[in-house]
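A.B. asks: Have a look; sequence and predicted model below, questions after that.
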Amino acid sequence: MFRPEERARLVRYVASLIGDEGAEDVVQEYYLLQLSGKVPPFRGESRRQTWVRSILQRTAHEWCRREWKQPRSMHLNGSTPRVVPDYDTVLDVRRHLAALKFDDRDILHQVERDASCRSIAEDLGLTHGAVKTRIYRARRHLKARLV
């Protein structure tokens with residue numbers, strides 16, 4: 001289905017959402033959903049990567065609910081991410097993240113997993129400068145929602 005390097009990229013993406021523990025499980029569950037026909041076919045209305053990531057986000061969310069895991073916090077200033085002990089605060093941040101445009105959420109998740117601007121640019125097919133601009137704007141949009 002996926003090449004090993006693509007699978008590794010998907011695992012890194014899921015790990016940025018829920019942490020390392022469970023990332024492999026979520027990607028495996030995604031594969032099983034595809035094989036069982038429970039994932040709707042790709043219709044080409046967006047990029048395939050966008051479609052896959054939205055399915056992975058839903059799958060990760062369901063896995064967290066089943067496993068009672070707390071999502072990792074999103075850092076805005078480049079500091080080391082930490083687990084927020086107050087689950088309600090995490091849910092509030094996640095709610096505000098979910099309200100952002102998909103492109104903003106996606107780029108913040110990649111920053112959260114400590115991806116470099118160059119690797120993000122390569123993943124998204126953008127220039128280095130465009131990635132820096134998107135990161136700035138996404139942080140600004142999230143910050144405005146949290147205030």
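C.D. replies: Yep, that arrived. Residues are numbered from 1 along each chain as shown.
A.B. asks: now the residue located most distally from the centre of the chain: how far from residue 29?
C.D. replies: In the chain, residue 36 marks the outermost C-alpha relative to the chain mean, sitting 23.7 Å out by Cα atoms, centre = their mean. As judged by Cβ to Cβ, to the nearest Å, residue 36 and residue 29 stand 10 Å apart. Just so you know, the C-beta spots here come from the backbone N, C-alpha and C atoms, and that holds for glycine as well.
A.B. asks: ok, now residue 123?
C.D. replies: Separation of residue 123 from residue 29 (Cβ to Cβ): 22 Å.
A.B. asks: after the helix or strand bottoming out on mean pLDDT in the chain comes which helix or strand?
C.D. replies: Lowest on mean pLDDT, DSSP states H and E among the helices and strands of the chain sits helix 87-99, with a mean of 76. Counting by DSSP states H and E, the next helix or strand C-terminal to helix 87-99 is helix 102-112.
A.B. asks: Which positions within the helix or strand following that next one qualify as buried?
C.D. replies: With elements assigned by DSSP H and E, the helix or strand that comes after helix 102-112 is helix 117-124. Across helix 117-124, burial judged by 16 or more other Cβ atoms under 10 Å covers 117, 120-121, 123-124.
A.B. asks: Tell me who's in contact with the residue farthest from the centre of the chain.
C.D. replies: With Cβ atoms under 8 Å, 6 or more residues apart in numbering as the criterion, no residue contacts residue 36.
A.B. asks: and if you look at residue 132?
C.D. replies: Going by Cβ under 8 Å, 6+ apart, residue 132 touches residue 117.
A.B. asks: And it, how far from residue 28?
C.D. replies: Computed as Cβ to Cβ, the residue 132 to residue 28 distance reads 34 Å.
A.B. asks: now do residue 117
C.D. replies: When residue 117 is compared with residue 28 (using Cβ to Cβ), they lie 30 Å apart.
A.B. asks: Just give the nearest non-adjacent residue to the residue nearest the centre of the chain, would you?
C.D. replies: Nearest to the geometric centre of the chain sits residue 109, at 4.5 Å (Cα atoms, centre = their mean). Distances taken as Cβ to Cβ, 6 or more residues apart in numbering place residue 16 nearest to residue 109, at 4.9 Å, with adjacent residues excluded.
A.B. asks: Can you point out the helix or strand that includes that neighbour?
C.D. replies: Following DSSP H and E, one finds residue 16 within helix 4-18.
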